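# Structure for the following, please:
(one chain, ligands or ions: 1)
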Amino acid sequence: MTPARTAAAERPLLDVIVVGAGFGGLYATYKFREMGLSIQCFEAGGDVGGVWYWNRYPGARVDLPSIDYSFGFSREVEQEWTWSEYFAAQPELMRYFDFVATRLDLRKHYRFNTRVQRAEWDEDRARWVVTTQSGEVYEARYCVMATGPLSVPRDPDIPGLDKFKGELYRAAKWPHQPVSYAGKRVAVLGTGSTGIQIVQEVGPQAGELFVLQRTPSFTMPMRNFPLTPEYTAEVKRHYPGLREAARNSPAGGLRPASTRAFFSVRPEERQSLLEDAWQRGGLAMLGTFSDLLFNEEANEQVAEFIRGKIGEVVKNPATAEALKPRGYPVFARRPCLDSSYYETYNLPHVHLVDLTQEPIVEITERGVRVGSGGATREIELDMLILATGYDGLTGALTAFDVVGKRGETVNQKWKDGAHSYLGLMLEGFPNLFMTTGPTGPAALANIVRISENDVDWIAAVMTHMDQNALASVEPTQAAEDAWMELVRTMAQRSLLSKAKTWYVGANVAGKAQGLTLYTGGFPKYREHCTQVMQRGWNDLSFVPARVAVEA
Ligand code: NA7
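I've put the predicted structure just below:
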């Protein structure tokens, strides 16, 4: 690789700046360092872990198998680290990140508690100029935004939030100190994956729990279990094969997938397959039939199966009814996994507040006022927990100024919705790369497998450039447009567009709407990435290094 050069402004020219210390950022840091590149990495959090660093809320737990939700690039890490549970809880995930960062000596490349405020491409000098919040400036040939699809939490747009005098917590910015719920009147606002995990954890501990639900989610049994030494030893013996299997599965993970269409089997058999998946737990249900995200009628029958299960568990019929999701396809919102969510509503001190019947009027000093017209009531609270989601997919790169070669920001480029090439690059933004970016498979496949794929691909581009004395690269407009066309066409066929979720931007007021995720499955996505490499990078436009720059 070309060694770092001194910039005209006397700032050292780095090869790469990496933003983020989650899965994408840590692997990027390792990979580029091993390639002999000079790197500087930034992370807004106080340590490694990405979204898990912030999400310390009660009950936080990954909904992919731990052995799958972990790096595959390092034999040492795979062999030396041992997971204790099939689905790891947040503290164990943090221990894993700590282990990886320590074992591979990655922390020394990072500046933690450092938020990047601006990144601007200097076209004349072919480099990124990156400014941190404290005003420090760094320059690098490449900038890799490993900023994650879920890193910008959003507060609900509800009047009076600042008036509340009780304890106010945000799931995505949970304090590091323990929080006590005993004897307190607690409300949880939001019933996505986060709210569900909090409710089942806090419900039994709180004096009184009010769950403020606008849209119920479908949630299925997680059926978590501790991993025995025998199982772990077997997994460790077979990691290479397991990783390969994950890479070749549509969700990039060790999840059953099916080629069987729903209506191709007899009704009794369908029922028993669904029952079996329910008993096995995890996301087995999603892999039971091949067409659940495409065939609306098949999807509705599975939805009805789950509604039936809710009715069997929740004793109060009105509560059960309010908890049953209707009006959108199952799996179109991220399916949740729980261990005792529905059972929690059988506790006498846990109350569901159905916001479709009693909308929130305002947050008051003492709690929350719900209802409409003359029929409102104030629910007095000691604690309010916000589990109201994220400005997903695009939020991280539109939250600060990332300025390309025409002076346009990513924010401006994406005003009508995310537009990118493979979720990895942006026309007009040379030498800028994203990991797990929008229009890639981001939320729809295992984020660790995508991150590894993305970093390897970015590294291959950089190597090609170095071998051919190229200074900058960006996708051609035609290649980016063709990718977007493919993403949109496929999205139209998917039921994922049919729910109001962060997948489609529906949870952020004023955000462009539409599914900007690649829905063709992880293997196909990898094929697209590989093909452009095999075709001699013909979708990319390169500018050769100038002799003057080389001198
Ligand atoms: P989600 O899945 O976006 O859920 C956010 C929840 O917050 C959802 O139930 C929302 O209801 C609710 N919400 C948001 N704003 C409001 C207001 N103003 N009033 C009432 N309810 C509101 O975020 P999560 O953090 O749970 O999960 C994100 C991802 O993390 C998940 O997909 C997994 O990949 C892991 P709404 O649906 O908008 O009616």
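# right, quick check: stretch 63-80 against the ligand, any contact?
No. Judged by Cβ under 6 Å from any ligand atom, stretch 63-80 and the ligand are separated, with a smallest distance of 7.0 Å. Backbone N, C-alpha and C define where each C-beta goes, glycine included.
# Start at 657, not 1
Taking 657 as the first residue, the last one we looked at is stretch 719-736.
# contacts for that stretch?
679, 682-683, 686-687, 718, 737, 739, 741-744, 748, 752, 755-756, 759-760, 849, 878, 883, 891-892, 895, 898-899, 902, 909-911, 938-939, 992-993, 1102-1105, 1108 (Cβ atoms under 8 Å, 6 or more residues apart in numbering).
# Among those, name the ones in strands.
Cys992, Leu993 (DSSP state E).
# Can you select the buried ones among the contacts of stretch 719-736 for me in PyMOL?
Here is the PyMOL selection string for the buried members of these, based on 16 or more other Cβ atoms under 10 Å:
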select buried, resi 679+682+683+686+687+718+737+739+742+743+744+748+752+756+760+849+878+883+891+892+898+899+902+909+910+911+938+939+992+993+1102+1103+1104+1105+1108
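# Would you check how far apart the closest residue to the ligand within the stretch 757-906 of the chain and Leu720 are?
Closest to the ligand within the stretch 757-906 of the chain is Gly848: 2.3 Å, counting by Cβ to the nearest ligand atom. Distance of Gly848 to Leu720, given as Cβ to Cβ, to the nearest Å: 16 Å.
# ditto for Phe881
15 Å.
# Those two: which has the busier surroundings?
Neighbours were counted for Phe881 and for Leu720 using other Cβ atoms under 10 Å; Leu720 has more, 25 against 11.
# three-state assignment of the more buried one?
Judged by DSSP: H, G, I helix; E, B strand; the rest coil, the three-state class of Leu720 is coil.
# Ramachandran coordinates for it?
phi -120, psi 150 (degrees, to the nearest 10).
# Can you pull the residues of the stretch 857-1006 of the chain lying near the ligand?
Arg870, Thr871, Arg990.
# can you list those in JSON lines and add neighbour count and secondary structure?
As requested, these are exported to JSON lines (neighbours: other Cβ atoms under 10 Å; DSSP: H, G, I helix; E, B strand; the rest coil):
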{"residue": "Arg870", "neighbour count": "16", "secondary structure": "coil"}
{"residue": "Thr871", "neighbour count": "18", "secondary structure": "coil"}
{"residue": "Arg990", "neighbour count": "18", "secondary structure": "coil"}
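# Relative to Val1009, which of those residues is nearest.
Proximity of these to Val1009 (Cβ to Cβ) peaks at Arg870, which lies at 9.8 Å.
# Not counting residues beside it along the chain, what's closest to the closest one?
Leu1011 (4.4 Å; Cβ to Cβ, 6 or more residues apart in numbering).
# next one: Phe679
With Cβ to Cβ, 6+ apart, the residue lying closest to Phe679 is Ser1107, at 4.5 Å.
# Give me the helices and strands touching the helix or strand hosting Glu960, please.
Using DSSP states H and E, Glu960 sits in helix 952-969. Contacts defined by 3 or more Cβ pairs under 8 Å, 6 or more residues apart in numbering; DSSP states H and E place helix 952-969 against helix 923-936, helix 973-979, helix 997-1000.
# For stretch 709-721, what does the pLDDT average out to?
Mean pLDDT, stretch 709-721: 96.
# Using PDB, write down the CA coordinates of that stretch.
Extracted C-alpha coordinates of stretch 709-721, given in PDB (Å, rounded to 0.1, in the frame of the first residue of the first chain):
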ATOM      1  CA  TYR A 709     -22.600  -0.200  24.200                       C
ATOM      2  CA  TRP A 710     -25.600   2.100  24.500                       C
ATOM      3  CA  ASN A 711     -28.500  -0.400  24.800                       C
ATOM      4  CA  ARG A 712     -28.000  -1.400  28.400                       C
ATOM      5  CA  TYR A 713     -31.700  -1.500  29.100                       C
ATOM      6  CA  PRO A 714     -33.200  -4.200  31.300                       C
ATOM      7  CA  GLY A 715     -33.500  -7.500  29.400                       C
ATOM      8  CA  ALA A 716     -31.500  -6.400  26.300                       C
ATOM      9  CA  ARG A 717     -30.600  -9.500  24.400                       C
ATOM     10  CA  VAL A 718     -29.700 -10.400  20.900                       C
ATOM     11  CA  ASP A 719     -32.300 -12.300  18.800                       C
ATOM     12  CA  LEU A 720     -29.900 -14.200  16.700                       C
ATOM     13  CA  PRO A 721     -27.900 -17.200  18.000                       C
END
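# just checking, what packs against the top helix by length along the chain?
For the chain, the helix with the greatest residue count under DSSP state H is helix 1103-1123. Applying 3+ Cβ pairs under 8 Å, 6+ apart, one finds that helix 1103-1123 contacts helix 679-690, strand 793-801, helix 885-903, strand 1088-1090, strand 1126-1131, helix 1178-1190.
# if you compare those, which one is most tucked away?
Most buried of those by mean neighbour count (mean count of other Cβ atoms under 10 Å) is strand 1088-1090; its value is a mean of 27.
# Distance from the chain centre to that one, please.
Offset of strand 1088-1090 from its chain centre (Cα atoms, centre = their mean, to the nearest Å): 17 Å.
# Sketch out the strands for the stretch 1007-1156 of the chain, chain order is fine.
1016-1019, 1023-1028, 1031-1036, 1039-1042, 1057-1059, 1088-1090, 1126-1131 (DSSP state E, counting those that start in this stretch).
# Out of those, the one nearest the ligand is which?
Nearest of the strands of the stretch 1007-1156 of the chain to the ligand, taken as Cβ to the nearest ligand atom: strand 1016-1019 at 6.0 Å.
# in the closest one, what counts as buried?
Ile1016, Val1017, Ile1019.
# Reformat those as a markdown table; add distance to Pro981 and pLDDT.
Shown next, in a markdown table, are those (distance: Cβ to Cβ, whole Å; pLDDT from 0 to 100):
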| residue | distance to Pro981 | pLDDT |
| --- | --- | --- |
| Ile1016 | 20 | 97 |
| Val1017 | 24 | 97 |
| Ile1019 | 26 | 98 |
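# Nearest to Gly1192 among those?
Ile1016 (56.4 Å).
# residues in contact with that closest one?
Ile814, Leu845, Leu868, Val1024, Arg1025, Val1026 are the contacts of Ile1016 under Cβ under 8 Å, 6+ apart.
# ok, 7 Å please
Ile814, Leu868, Val1024, Val1026 (Cβ atoms under 7 Å, 6 or more residues apart in numbering).
# Neighbour-wise, which one of those residues leads?
Neighbours here mean other Cβ under 10 Å. Within the contacts of Ile1016, the largest count is held by Leu868, at 27 neighbours.
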